[in-house]
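Q: Got a predicted structure here, sequence first:
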Amino acid sequence: MISALKKDHLRIASVNVNGLRAAYKNGMAAWLEPRGVDILCLQEVRAPDAIVRQLLGEGWHILHAEAEAKGRAGVAIASRDEPLATRNGIGDDYFATAGRWVEADFRFADAAGHPVQLTVASAYVHSGEVGTPKQDDKFRFLDVMTTRLPELTKHSDHALVVGDLNVAHTPLDIRNSKANVKKAGHLPEERAYFDRFFGEEIGWRDVHRNLAGEVDGPYTWWSQRGKAFDNDTGWRIDYHLATPALAAAAISAVVDRAPSWDTRFSDHAPLVVDYQL
């Protein structure tokens, strides 16, 4: 089945909602309804499946992986077109019930009308904590990603991993790099994984960075402490990771940063990218 998409582009949005019920209470619907999103990827859903379907409402095909630990993690993909196939989990049984990775395959027509397959994954990497089992789990998950990305390259014409990956890759991705190099999220060991993702070994692309250029940010997460949001003291930890041809088809990337601290529906801002397949 080829998508009936009528637009000349495909709009894919990713956002860590920091609890879907709270996000909707704080105005997420007002952001989503006019945004024209074709594929919506969510992280930290933290809600039962029935609640997710109730909140998102009609018109979406929903793939949702709850975490076994109640009130933790949870990822979802909601799409206007029905996927060809779906998968829950990154391929390591250790994370089978963690609610941190789901995949969906879609088929669209390219400019010449030929069918192309796109795989989209919604991912939520552990935040980690230096010197604790939480950091061990984070490294294990990133290890599995180094295996899964090349598999996805072979699986589909185009592949995309989006979500809260909880690593600020370069000093451009965090306001205070030097002050955070010994903290989870900006450790050299974590950033080295992203060097591999974007290097010759794996060869994927950082879509947002490619389109934004060599500028500070644009950030996607701000601490709740102090005036981090008001001062734009943020981290760029939400990504669109794409295979090269898909990355080349990206025509715009926008961080939907709320106009003020009190109008946010999450501590993360949505990252919305348009792809001209």
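A: That came through fine. Residues are numbered from 1 along each chain as shown.
Q: Where do the helices of the stretch 51-200 of the chain begin and end?
A: For the stretch 51-200 of the chain, helices defined by DSSP state H, counting those that start in this stretch occupy the ranges 133-155, 188-198.
Q: Mind putting the ones you listed into JSON lines with mean neighbour count, distance to H169 and mean pLDDT?
A: C-beta: built from backbone N, CA, C; applies to glycine. Listed next are those as JSON lines, based on neighbours: other CB atoms under 10 Å; distance: least, CB to CB, whole Å; pLDDT from 0 to 100:
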{"stretch": "helix 133-155", "mean neighbour count": "16", "distance to H169": "12", "mean pLDDT": "98"}
{"stretch": "helix 188-198", "mean neighbour count": "17", "distance to H169": "4", "mean pLDDT": "98"}
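Q: and these as TSV, adding distance to V255?
A: Listed next are these as TSV, based on distance: least, CB to CB, whole Å:
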stretch	distance to V255
helix 133-155	23
helix 188-198	19
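Q: so which of those helices comes closest to G57?
A: Nearest to G57 among the helices of the stretch 51-200 of the chain is helix 133-155; the distance by CB to CB comes to 29.8 Å.
Q: chain center to the closest one: distance?
A: Remark: helix 133-155 is offset 15 Å from the chain centroid, using CA atoms, centre = their mean, to the nearest Å.
Q: all numbers from here: first residue = 400
A: Sounds good: first residue 400 from here, last item helix 532-554.
Q: which residues touch that helix?
A: With CB atoms under 8 Å, 6 or more residues apart in numbering as the contact definition, helix 532-554 has outside contacts at 489-491, 493-494, 499, 502, 504, 518, 520, 522, 524-528, 558, 560, 565-566, 583, 588-589, 592, 595-596, 601-603, 640, 642.
Q: please redo it, this time with the cut-off set to 7 Å
A: 489-491, 493-494, 499, 518, 524-525, 527-528, 558, 560, 583, 592, 595-596, 601, 603, 642 (CB atoms under 7 Å, 6 or more residues apart in numbering).
Q: Quick check: E502 vs G490, distance?
A: Separation of E502 from G490 (CB to CB, to the nearest Å) stands at 10 Å.
Q: neighbour count winner among these two?
A: The neighbour comparison of E502 against G490 (other CB atoms under 10 Å) goes to E502, with 26 against 14.
Q: how close does that one get to R410?
A: E502 is 19 Å from R410, by CB to CB.
Q: Please apply the same query to I636.
A: For I636, the distance to R410 (CB to CB) stands at 21 Å.
Q: Settle it for me: which of these two has more neighbours?
A: It is I636, of I636 and R410, that has more neighbours when counted by other CB under 10 Å, with 23 against 18.
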